[in-house]
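I need the structure of the sequence given here:
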Amino acid sequence: MTTVPQIEVTISYLEMEERPSNLLLHSPRGKKTSLIRAYKPTVSFYRYIYNTIGEPWLWWERRVLSDDELSLIIQDDNVEIYVLYYDGVPAGYAELDRRKPNEIDLAYMGLIPDFIGQKLGPYLLSAIIDIAWSYEPTRLTVNTCSLDHPKALGIYQKCGFNIYDRNVKTIDDPGHNAP
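This is a model prediction of the structure:
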């Protein structure tokens, strides 16, 4: 019997209770970007963007869902998926979960690895925060963990999120391919 290696993950839970005033609402200089909502995206498109963005950070939660389970989430009228395009090519995405009354969760956000380091992350985050606040929630939440990009926590905080909780979990290593 083979055992799956365990890893320790620190999860930071963040919140924002008012719209920040310091959002970067224009794309970085010289970048040809567009942010387009994907209305009821296909499961295959969602898996492509989620898997491509999440692979370096060991995103696994949506990978283990069946197509039907995933479809119920991503095609819900209160779940909004926005795709960032750079020169007409998908460069990143963000997912807003509005299923709780008066509260919005930034469920996922990230860039395709080819586009990291081009100042697109702060732009995408600012644009998504602005969209979320257009619904006038009482609270906007996000969480990040020690497996995410090393700058993620700092960028969330710089854009106005504050840590309200932290915990450490031991999980099966999602990067380990058990036979």
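
Give me the buried positions along the top helix by length along the chain.
Longest helix in the chain, counting residues (DSSP state H): helix 120-133. Residues of helix 120-133 classed as buried: 120-121, 123-129, 131-133 (neighbour count, 16 or more other C-beta atoms under 10 Å). All C-beta atoms are positioned from the backbone trio N, CA, C, and that covers glycine.

Which parts of the chain are helices?
Along the chain, the stretches classed as helices by DSSP H are 43-54, 67-74, 120-133, 152-158.

Tell me which other helices or strands the third one touches.
So that's helix 120-133. Under the contact definition 3 or more C-beta pairs under 8 Å, 6 or more residues apart in numbering; DSSP states H and E, helix 120-133 sits against strand 33-38, strand 79-86, strand 89-100, strand 103-111, strand 139-145, helix 152-158.

Mean pLDDT, mean neighbour count and distance to residue 72 for the ones you listed - can I get that in a markdown table?
A markdown table is the format used below for the helices and strands packed on helix 120-133 (pLDDT from 0 to 100; neighbours: other C-beta atoms under 10 Å; distance: least, C-beta to C-beta, whole Å):
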| stretch | mean pLDDT | mean neighbour count | distance to residue 72 |
| --- | --- | --- | --- |
| strand 33-38 | 95 | 15 | 16 |
| strand 79-86 | 97 | 20 | 9 |
| strand 89-100 | 96 | 20 | 11 |
| strand 103-111 | 96 | 21 | 14 |
| strand 139-145 | 94 | 21 | 21 |
| helix 152-158 | 90 | 17 | 27 |
